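Colleague: below is the sequence, then the predicted model.
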Amino acid sequence: MSLKHKDLTGIASLNADEIMQILETADSFKEVTGREIKKVPALRGKTVVNLFFEPSTRTRTSFELAAKRLSADVINFSPSNSSVVKGETLLDTARNIEAMQADIIVLRHSSAGAAETLARGVKSSVINAGDGWHEHPTQALLDLFTLREKKLELKGLKVAIVGDVAHSRVARSNVYALTKLGANVRVVGPPTMMPACVERLGVKVYYDLDHGLRDVDVIMMLRLQLERQGRALFSTIREYSRLYGLTPERLKLAKPGALVMHPGPINRGVEIAPEIADGFSSVILDQVTNGVAVRMAVLYLLSGAGN
Ligand code: CP
């Protein structure tokens with residue numbers, strides 16, 4: 001069993017069957033992660049290199065854990081301690097790593113399109129672990145996995161994605177993934193944080209959070225990316241929080257039992273109230289747990305180990 005692609009650079013290049021293949025493969029790896037000995041020999045002899053040019057807690061750690069649980073050799077490459085600081089380019093860096101027989105390169109980079117560029121320049125498989133504002137495919141896959149695990153039928157599911165949609169790679173990948181599997185997706189946020197012509201992606205646009213939350217099954221909150229767009233897109237954080245923050249009162253507008261998701265890291269008290277982040281509606285830590293199984297599935301399917 002494998003994917004017909006060499007790389008995973010975005011959800012846009014996957015069809016619904018391929019997304020389901022990854023989720024179903026992750027089902028069996030979730031079982032492995034629940035065992036006392038959380039390891040299988042599937043990628044023994046393979047080398048996975050984590051190449052993270054931006055900070056990460058969840059994605060980098062879970063790719064490392066995923067590769068180790070598949071028995072791969074794992075290298076965590078740190079650009080700040082490498083010849084990148086002497087001016088070596090991304091492509092030259094990756095080609096040198098590839099020359100040491102790396103089978104899979106996991107890349108996080110601040111530039112949209114960096115993973116595609118790298119995938120064209122090396123023979124190793126490239127997995128996009130987040131590229132600028134473009135895509136974060138494994139985040140969307142673990143989000144879908146979590147919804148399925150909670151016994152939600154994705155077809156017809158009403159999902160509100162709330163916040164800075166324009167600058168969110170998580171939002172973009174989730175819009176692609178959810179719409180491909182038949183969910184009804186709304187994007188909710190201020191006009192300054194909404195991409196032009198976003199309706200063309202098959203979503204409904206809401207600028208008012210109270211309207212956007214009405215009767216949804218799932219609320220996916222986005223992090224306010226203070227390090228990227230600065231403060232130019234809203235007057236104050238307090239104002240943003242008043243208009244677009246998820247509070248217990250607003251949660252009541254969604255369907256009873258609605259789930260609350262967030263890719264992390266969360267800005268407590270900004271986009272989400274702490275009592276919601278830590279409350280019974282939240283599946284935020286389930287998302288993190290499931291990231292390991294989903295990344296095991298992606299590594300396994302791209303490695304061709306199952307052929
Ligand atoms: N969700 C996510 O990408 O988190 P990290 O930036 O910590 O990897």
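Modeller: Thanks, I have it. Just so we're clear, the structure is a prediction, and the values are computed from it rather than from any experiment. Numbering: from 1, shown residues only.
Colleague: any weak-confidence spans in the protein?
Modeller: Low-confidence segments of the chain, defined by pLDDT under 70, span residues 1, 227-231.
Colleague: show me it divided up by domain.
Modeller: 16-135+288-305, 151-282 (automatic domain parsing).
Colleague: can I get the ones you listed in CSV with mean neighbour count?
Modeller: For the C-beta atoms, the positions are set from N, CA and C on the backbone; glycine is no exception. Shown next, in CSV, are the domains of the chain (neighbours: other C-beta atoms under 10 Å):
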stretch, mean neighbour count
domain 16-135+288-305, 19
domain 151-282, 18
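Colleague: so residue 195 sits in a helix?
Modeller: No: using DSSP: H, G, I helix; E, B strand; the rest coil, the secondary structure at residue 195 is coil, not a helix.
Colleague: surely it touches residue 169?
Modeller: No: if you go by C-beta atoms under 8 Å, residue 195 and residue 169 don't touch, sitting 11.9 Å apart.
Colleague: so residue 192 touches residue 235, yeah?
Modeller: No: using C-beta under 8 Å, residue 192 is not in contact with residue 235; the gap is 10.3 Å.
Colleague: and the helix or strand hosting residue 298, what does it pack onto?
Modeller: Counting by DSSP states H and E, the element that carries residue 298 is helix 284-303. Helices and strands touching helix 284-303, by 3 or more C-beta pairs under 8 Å, 6 or more residues apart in numbering; DSSP states H and E, are helix 16-33, helix 58-69, strand 104-109, strand 125-131, helix 137-149, strand 259-261.
Colleague: which is the next helix or strand following the longest one?
Modeller: In this case it means helix 16-33. As assigned by DSSP H and E, the chain's next helix or strand after helix 16-33 is strand 47-52.
Colleague: do the same with the shortest one
Modeller: Next along the chain after strand 259-261, taking DSSP H and E as the criterion, comes helix 274-277.
Colleague: next one: the third one
Modeller: Sequence-wise, the next helix or strand downstream of strand 104-109 (DSSP H and E) is helix 114-121.
Colleague: quick one: residue 26 and residue 145 touch, right?
Modeller: Yes: assessed by C-beta under 8 Å, residue 26 is found in contact with residue 145 at 5.4 Å.
Colleague: could you check how far the residue of the chain most remote from its centre is from the ligand?
Modeller: For the chain, the largest distance from the centre (C-alpha atoms, centre = their mean) belongs to residue 86, which lies 30.8 Å off. Using C-beta to the nearest ligand atom, to the nearest Å, residue 86 is found at 26 Å from the ligand.
Colleague: with residue 200 instead?
Modeller: For residue 200 relative to the ligand (C-beta to the nearest ligand atom), the value is 26 Å.
Colleague: what of residue 124?
Modeller: Noted for residue 124: a distance of 21 Å to the ligand, by C-beta to the nearest ligand atom.
Colleague: tell me who's in contact with that residue.
Modeller: 94, 97, 98, 102, 103, 104, 105 (C-beta atoms under 8 Å, 6 or more residues apart in numbering).
Colleague: farthest pair in the residues you listed?
Modeller: Greatest spatial distance in those: 94 and 103, 12.8 Å, computed using C-beta to C-beta.
Colleague: wait, isn't residue 82 in contact with residue 93?
Modeller: Yes: under the criterion of C-beta under 8 Å, residue 82 makes contact with residue 93 at 7.0 Å.
Colleague: now do stretch 246-257: everything it contacts.
Modeller: Stretch 246-257 is contacted by residues 158, 160, 162, 209-210, 213-217, 219, 221, 258, 260, 271-273, 275-276, 279, 281 when judged by C-beta under 8 Å, 6+ apart.
Colleague: what do you get if the cut-off is 6 Å, keeping everything else the same?
Modeller: 210, 213, 214, 215, 216, 217, 219, 221, 272, 273, 276 (C-beta atoms under 6 Å, 6 or more residues apart in numbering).
Colleague: may I see those organised as CSV, with distance to residue 241 and secondary structure added?
Modeller: Below are the contacts of stretch 246-257 laid out as CSV (distance: C-beta to C-beta, whole Å; DSSP: H, G, I helix; E, B strand; the rest coil):
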residue, distance to residue 241, secondary structure
210, 15, helix
213, 15, helix
214, 20, coil
215, 24, coil
216, 20, coil
217, 24, coil
219, 16, strand
221, 12, strand
272, 9, strand
273, 9, coil
276, 13, helix
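Colleague: of those, which is the nearest to the ligand?
Modeller: residue 221 (12.1 Å; C-beta to the nearest ligand atom).
Colleague: separation between the most centrally placed residue in the chain and the ligand?
Modeller: Centroid-nearest residue in the chain: residue 139, 1.7 Å away (criterion: C-alpha atoms, centre = their mean). With distances taken as C-beta to the nearest ligand atom, residue 139 is found 5 Å from the ligand.
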